[in-house]
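Novice: Return atomic coordinates for the entry below.
(one chain, ligands or ions: 2)
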Amino acid sequence: MKIATAPEMRRIDERAANEYGLAGLALMENAGGEVARKVADILGGAADKKVCIFCGKGNNGGDGFVAARHLAARGAKVKVFLLGVKTAVGGDALANLGILLKMGAEVIEIAGERDCDKAALATAFADCLVDALLGTGFSGEVSGDLAAVVKIINAAGKPVVAVDIPTGIDADTGRVRGVAVSAAHTVTFGLPKPGLLFQPGAAHAGTVTVVDIGLPAALLADAGMRQNAVTATLVRRLLPPRRPWAHKGTGGRVALVAGSPGLTGAAALASMAAVRAGAGLVTVGIAAGLNAIMEVKLTEVMTKPLPEETCGIIGPAAVEEIAAIAETADVLAIGPGLGRAAETVDAVREIVRNVRCPLVIDADGLNALAGHTESLLETEALAVLTPHPGELARLTGRPLPVINADRLGAARDAATGLGAIVVLKGPGTVIAYPDGEAFINTTGNAALATGGTGDVLTGVIAALVAQGLTSHDAAVAGVYLHGLAGELAAGARLAGMAAGDLLPALPAAIASLHGG
Ligand SMILES: NC(=O)C1=CN([C@@H]2O[C@H](COP(=O)(O)OP(=O)(O)OC[C@H]3O[C@@H](n4cnc5c(N)ncnc54)[C@H](O)[C@@H]3O)[C@@H](O)[C@H]2O)[C@H](O)CC1
Ligand SMILES: [K+]
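Specialist: Ligands and ions are numbered 1, 2, ... in the order given. Down below sits the predicted model:
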């Protein structure tokens, strides 16, 4: 499923009208009808229920006017509030405002504090509130009367349905600009928007329902839109089948270089995640001084003691051994818990330059490349980089606030600039390819915000490459599975999950996609 930015959604609207003769009024009728359906569903039927609908003067408000009409037709008692004056409403919204008024509906204009008090009083008696104030036409900040009404909606303690986008949320980045509506549900039209998947927009949106309002499928699938949602349907198609005649060779071979004093857990998590995600054979290369520890920690994973500079720290002397492991592997993952010793940094750069098998580079593997990303441009291997925002800032020199303000743009620019697949972790993980195509993940939750979950993701992606997925597909499927395992492992508990809890949840996540 494509994801549309606000400008792309507006372009679809224009093309629907110009190329298909699809009138905006028809789209608005469908949009408002879908909103009314969601409200009725939430209320267990609309008859005799009290609904307050807050409308802006644009087409988002127009959807609200249509929803009001449909809800009234279902027997609801509807109060419509208009932010501003009726004379400021135009186009399709005005047409629907006119219909409402001709039907005898009361549309209360909000302009100033006294009107806001009236709105606050109405919400006290309402069963449900509808936010039809601003949608994809939002610009600047929410302020003044609009901010006051948003605060009234949020303070009412009633279920809120947002129309298209929660007011105050940037449709493209998910940032709150001023103040934003906190909705229990969002009914969005045609396609999801990035701001409904990135935080805090996703939290403000509540459950998101993408509804069909009659837009031509060809417009919704337009290749000109370069971001896609990672869905179960997509991942199910990407995952390798588990044939009855499978043997450990068919699962492929994963090699990892990981661990350093105090950070052997990262090596254990990443290598066991590769096992749990279906790899056939997994070998972890680790400084010789830590090998005995890894042998105790791990059973299914083979260990390879590497020459060390000082106890537990690998350096250039290990490069030859690592190259030999990589030669017999289908993929090399490097970085979890590797440490930042100068010798290790040199070794990582040399390995990345010379290795030929697909690479997954995480954590200290990425830190080693900071300021020296030419290794990525020199290598013939296709690398999947799995930074969190801080690691991406170090790697690219782009300030962290700039990355957080536009996750999609930051991941895309890094992928294009580094010639690598960039997995920018965090709520709404972005998978960006060097050609500009990108995916936004739709699984996971706050429980994943604990140490070690990134190590697990590294192992999962490596395992999928070992099983024959392209690095492009392994990154998308791996991120989705990792998030799904987080949901399964956490259940309703969003705190206290340990990264190791993900390990047994990985096969369950895979099975759930195969209907197991
Ligand atoms: N194809 C579709 O997806 C359809 C979407 N529909 C709805 O149309 C809106 C977009 O409508 P538009 O008129 O372009 O913009 P908005 O209604 O979101 O708001 C613009 C309106 O608000 C004013 N405004 C903008 N920023 C601010 C601000 N910071 N403070 C105060 N006021 C602001 C601006 O001046 C305009 O007047 C989309 O979201 C859907 O809900 C169609 O109804 C059906 C097809
Ligand atoms: K809205």
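Novice: Can you tell me which helices and strands the helix or strand Val296 falls within packs against?
Specialist: Using DSSP states H and E, Val296 falls within helix 288-297. If you count contacts as 3 or more C-beta pairs under 8 Å, 6 or more residues apart in numbering; DSSP states H and E, helix 288-297 packs onto helix 264-276, strand 302-306. For glycine as for every other residue, the C-beta is placed from the backbone atoms N, C-alpha and C.
Novice: Adjacent strands (with direction) for the following helix or strand past the last one?
Specialist: Which is strand 302-306. For strand 302-306, the succeeding helix or strand toward the C-terminus, using DSSP H and E, is strand 308-310. Sheet pairing for strand 308-310, assigned by DSSP bridges, gives strand 313-314 (antiparallel).
Novice: that older thread, single out the most deeply packed of the helices and strands packed on helix 288-297.
Specialist: With neighbours defined as mean count of other C-beta atoms under 10 Å, the helices and strands packed on helix 288-297 peak in mean count at helix 264-276, which reaches a mean of 28.
Novice: Contacts for that one, please.
Specialist: Contacts of helix 264-276 with the rest of the structure, by C-beta atoms under 8 Å, 6 or more residues apart in numbering, involve 254, 256, 258-259, 282, 284, 286, 290, 293-294, 297-298, 300-301, 333, 336-337, 362-363, 452, 455-460, 462-463, 466, 499-500, 502-504, 506-507.
Novice: my guess is Thr186 meets Pro166, correct?
Specialist: Yes - in this structure Thr186 lies within contact range of Pro166 using C-beta atoms under 8 Å: 6.2 Å.
Novice: Apply the buried test to the contacts of helix 264-276 and list what passes.
Specialist: Among the contacts of helix 264-276, those classed as buried by 16 or more other C-beta atoms under 10 Å are 254, 256, 258-259, 282, 284, 286, 290, 293-294, 297-298, 301, 333, 336-337, 362-363, 452, 455-460, 462-463, 466, 499-500, 502-503, 506-507.
Novice: end-to-end on stretch 160-174?
Specialist: Across stretch 160-174, the terminal residues are separated by 18 Å (C-alpha to C-alpha, to the nearest Å).
Novice: for that stretch, what is the average pLDDT?
Specialist: Regarding stretch 160-174, the rounded mean pLDDT is 97.
Novice: Need the residues touching each of Thr186 and Pro166.
Specialist: Applying C-beta under 8 Å, 6+ apart, one finds that Thr186 and Pro166 are jointly contacted by Ala205.
Novice: Neighbour count for those two, which is higher?
Specialist: Higher neighbour count among Thr186 and Pro166: Pro166, with 32 against 28, using other C-beta atoms under 10 Å.
Novice: Quick check: the more buried one touching Ala203?
Specialist: No - taking contacts as C-beta under 8 Å, Pro166 lies outside contact range of Ala203: 9.5 Å.
Novice: Now do the shared contacts for the two.
Specialist: Listed contacts common to Pro166 and Ala203 are Ser182; contacts here mean C-beta under 8 Å, 6+ apart.
Novice: Could you pull out the strands in the stretch 401-516 of the chain for me?
Specialist: Here the stretch 401-516 of the chain has its strands, by DSSP state E, counting those that start in this stretch, at 421-424, 430-432, 438-440.
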